[in-house]
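J.: Give the three-dimensional model of this entry:
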Amino acid sequence: MKAIETASLTKYYKKERGIADVSLSVETGDFFGFIGPNGAGKSTTIRTLLGFITQTGGTARVLGMDNVKEKRNILEKVGYLPSENSFYRGMRVFEILKLSQSLRRKDCTARAKELCERLELDTSRKVEELSFGNRKKVGIVCAMQHDPLLYILDEPTSGLDPLMQREFYSILKECNERGATVFLSSHVLSEVARYCKSAAVIKDGRILACDKVERLGHTGVKRVTLRGVSVMPVISGARDIKNENESTSFLYSGDIKALLSKLSEVSFDDIIIADPDLEEVFMHYYAKEEGR
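T.: Prediction:
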């Protein structure tokens, strides 16, 4: 059984595009990153998956269940964190956590206490007194305290300081190692590269690529760095040229032998040819889509 499976999932708001023909397959037990900038369609995809908004076309199954016909059963087994949290004013954190537990008819007291301690969340404070980051922590505990089979998290680390981000991902990794599936949207590519096993790239509501994270980097593009180069020659296929710290680097897509032949015409001290980082891979897919 797939944790998440969609086929041509589409959502339009009248004539405005939400998402179009989104086809995803997320294996049970995966740690999956959903990559894209604001407005790419990440939140629309997630809300459609969970039945909060109704798709215009296509199908989606979550934990083997239809997202429309079996929405209630899905929500019982999923831990969902929206990109922005909203809570009842006047309530203290511990009251919000108890309310969340009661809605699920499950005693999560011990797990909630552990999560609050690890995230350094003061449960005695009223929600309106909390910073954005601490409100995010409340949402995280609500999403995780019942130990769901599937975590669907929309921009989960926005507002968290670096130490809390690291602790949050440590918790998620532990859940994943126990068999839970993690699906999170993010525009922080370093997070996806560090923690996710698989990922999909979305732009303007359409999936550009979907694969294992390490395979997404195999685009045929290399980052070439020259140190102590005297004069940089004109190289066909070179782009994103950067000059810093007496080094010149560029992205290169083409024949490596042709590149080395061209570079043999100039003087330099050292050369490094490596795979680009995930951010550069991400931009590669966007540039390819735009025909550049």
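
J.: what's around Asp21, how many residues?
T.: Neighbour count of Asp21, defined by other Cβ atoms under 10 Å: 14. Backbone N, C-alpha and C define where each C-beta goes, glycine included.

J.: same deal with Asp30?
T.: Asp30 has 20 nearby residues by other Cβ under 10 Å.

J.: So it is in contact with Lys197, correct?
T.: Yes. With contact defined as Cβ atoms under 8 Å, Asp30 counts as touching Lys197 (5.7 Å).

J.: longest strand anywhere in the protein?
T.: strand 2-13 (DSSP state E).

J.: how about the next helix or strand after that one: buried residues?
T.: Using DSSP states H and E, the helix or strand that follows strand 2-13 towards the C-terminus is strand 16-22. Under the neighbour-count criterion of 16 or more other Cβ atoms under 10 Å, strand 16-22 has 18-20, 22 buried.

J.: what angle separates strand 16-22 from strand 2-13?
T.: Counting by axes from the mean of the first three to the mean of the last three Cα atoms, to 10 degrees, strand 16-22 lies at 150 degrees to strand 2-13.

J.: from the chain's centre, how far out does strand 16-22 sit?
T.: 18 Å (Cα atoms, centre = their mean, to the nearest Å).

J.: Burial check on Arg92, number of neighbours?
T.: There are 15 residues near Arg92, going by other Cβ under 10 Å.

J.: Going by residue numbers, what spans are strands in the stretch 101-250 of the chain?
T.: Secondary structure of the stretch 101-250 of the chain, counting by DSSP state E, counting those that start in this stretch: strands at 150-154, 181-186, 198-203, 206-212, 221-227, 238-244, 247-253.

J.: Pull the most distant pair out of the buried residues of strand 16-22.
T.: Gly18 and Val22 (9.7 Å; Cβ to Cβ).

J.: quick one on the thing from earlier: for the longest strand of the chain, packing partners?
T.: strand 16-22, strand 25-27, helix 42-49, strand 57-62, strand 181-186 (3 or more Cβ pairs under 8 Å, 6 or more residues apart in numbering; DSSP states H and E).

J.: can you do 6 Å?
T.: strand 16-22, strand 25-27, strand 57-62 (3 or more Cβ pairs under 6 Å, 6 or more residues apart in numbering; DSSP states H and E).
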